[in-house]
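K.L.:
with the sequence up front, the predicted model follows.
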Amino acid sequence: MSFAPLQNDSFLRACLRQSTDHTPVWLMRQAGRYLPEYLATRAKAGSFMGLATNTDYATEVTLQPLERFPLDAAILFSDILTVPDAMGLGLSFAQGEGPRFAHPVRDEAAVAALQVPDMDKLRYVFDAVTSIRRALNGRVPLIGFSGSPWTLACYMVEGKGSDDYRLVKSMLYSRPDLMHRMLQVNADAVAAYLNAQIEAGAQAVMIFDSWGGVLADGAFQQFSLAYTQQVLKKLKTEHNGVRIPRLVFTKGGGLWLDEMGGLDCEVLGLDWTVNLARARAQVGGTVDGPGKALQGNIDPNVLFAPPAQIEAGAQAVMIFDSWGGVLADGAFQEFSLAYTARVLRQLKREHAGVIIPRLVFTKG
């Protein structure tokens, strides 16, 4: 399988702590309902899953934000819950309620029945990866992704989103054997899933540990971090002679930054509660040196502020990733994104050095 040569490799270079001529910019959920063209495509698809499982639609919406904003990477349009859906849990998206599983995993029999799914059940994802990569035609790299084993387990046990994670934590504390069994299946499945995305054309892969931060100290290391590390150790580090950066983001994970620094990944994503200068001192890398590239960490609500405040927030980050997703608010939000992307791409290395001393894995 061959693709067009990459024209803009700034994102990949920054991930590998190589110098770049500008600060690379991308956003989680950069394709989404804040764009009117996305809403039009979703209406044609009829549902979120109709959108995500159709190669042409998934390709179309992945590329839509690149036509509006000066972004340096595309991220696959999909959902982290495709893997447990392929396990037979019955994923659906109710209007205004988010994802739900028809068959949550809450007892010993259900856990025992879990198996790594046949990757052919996820063929629509891999077909979309290949289609998007071809449609990009070398414009920017494509990021693939998955949820972490723990984050998937949260949805698999709760059956939907949760405010307190009572059901999954109850299983964790009362039957840790069942939780470990589920997490092992999830880790094996996520590794196979991400490797298949790489083979299909993904040029970097990201693990979203969205709910790692809800765990207590000690539980995080045992039930989240350990299984994320398992996944990372099984991932391809290069494909067709080209390095594949591995990125990990744990929402609320600042407490464990030192331990996350030991993960077998190239990039750590940080949420807005983490001080970038301190993170740089703990685990950050320098250009062409050891350590991790750091990604983040603007609060997405900054994008609703006036331009001067947006610029101030943007100047405090390097690789830019609005972790929480883009909030839907029409034209003003679109303007804010365009303005922020422009500010970040123009960010000078010496300016960044004032705000984040010696955080120099990119320049521009």
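P.N.:
That came in fine, so what should we check first?
K.L.:
what about the stretch 251-364 of the chain, any weak spots by pLDDT?
P.N.:
By pLDDT under 70, the low-scoring segments of the stretch 251-364 of the chain are 316-364.
K.L.:
quick one: the helices in it, in order.
P.N.:
For the stretch 251-364 of the chain, the helices defined by DSSP state H, counting those that start in this stretch cover 257-260, 276-283, 307-314, 330-346, 349-355.
K.L.:
quick one: contacts for Asn195?
P.N.:
234-236 (C-beta atoms under 8 Å, 6 or more residues apart in numbering). Just so you know, the C-beta spots here come from the backbone N, C-alpha and C atoms, and that holds for glycine as well.
K.L.:
so it lies in a helix, does it not?
P.N.:
Yes - using DSSP: H, G, I helix; E, B strand; the rest coil, the assignment for Asn195 is a helix.
K.L.:
roughly how far does it sit from Gly289?
P.N.:
28 Å (C-beta to C-beta, to the nearest Å).
K.L.:
kindly report the same for Leu232.
P.N.:
20 Å.
K.L.:
higher neighbour count, the two?
P.N.:
Leu232 (21 against 10; other C-beta atoms under 10 Å).
K.L.:
for the host helix or strand of that one, buried residues please.
P.N.:
Per DSSP states H and E, Leu232 falls inside helix 226-234. By neighbour count on 16 or more other C-beta atoms under 10 Å, the buried set for helix 226-234 is 227-232.
K.L.:
also stretch 9-28?
P.N.:
9-17, 20, 22-28.
K.L.:
same question for stretch 50-62.
P.N.:
Applying 16+ other C-beta under 10 Å to stretch 50-62 flags 51-55, 57-62 as buried.
K.L.:
for stretch 103-117, same thing?
P.N.:
104-106, 110-111, 114, 116-117.
K.L.:
the residues you listed in helices, which ones?
P.N.:
110-111 (DSSP state H).
K.L.:
considering the buried residues of stretch 103-117, which is situated nearest to Leu167?
P.N.:
Closest approach between the buried residues of stretch 103-117 and Leu167, by C-beta to C-beta: Arg106, at 6.6 Å.
K.L.:
I'd like the next helix or strand past the one helix or strand Tyr124 maps to.
P.N.:
Here Tyr124, judged by DSSP H and E, is contained in helix 123-136. Going down the chain from helix 123-136, the next helix or strand is strand 142-147, by DSSP H and E.
K.L.:
what's the neighbour count on Val157?
P.N.:
Neighbour tally, Val157, other C-beta under 10 Å: 25.
K.L.:
for the spatially closest residue to Ser148 that is not a sequence neighbour, what are its contacts?
P.N.:
Residue nearest to Ser148 in three dimensions, not counting chain neighbours: Asp209, with 3.8 Å by C-beta to C-beta, 6 or more residues apart in numbering. Each residue near Asp209 by C-beta under 8 Å, 6+ apart is listed here: 147-148, 150-151, 224, 228, 248-251, 253.
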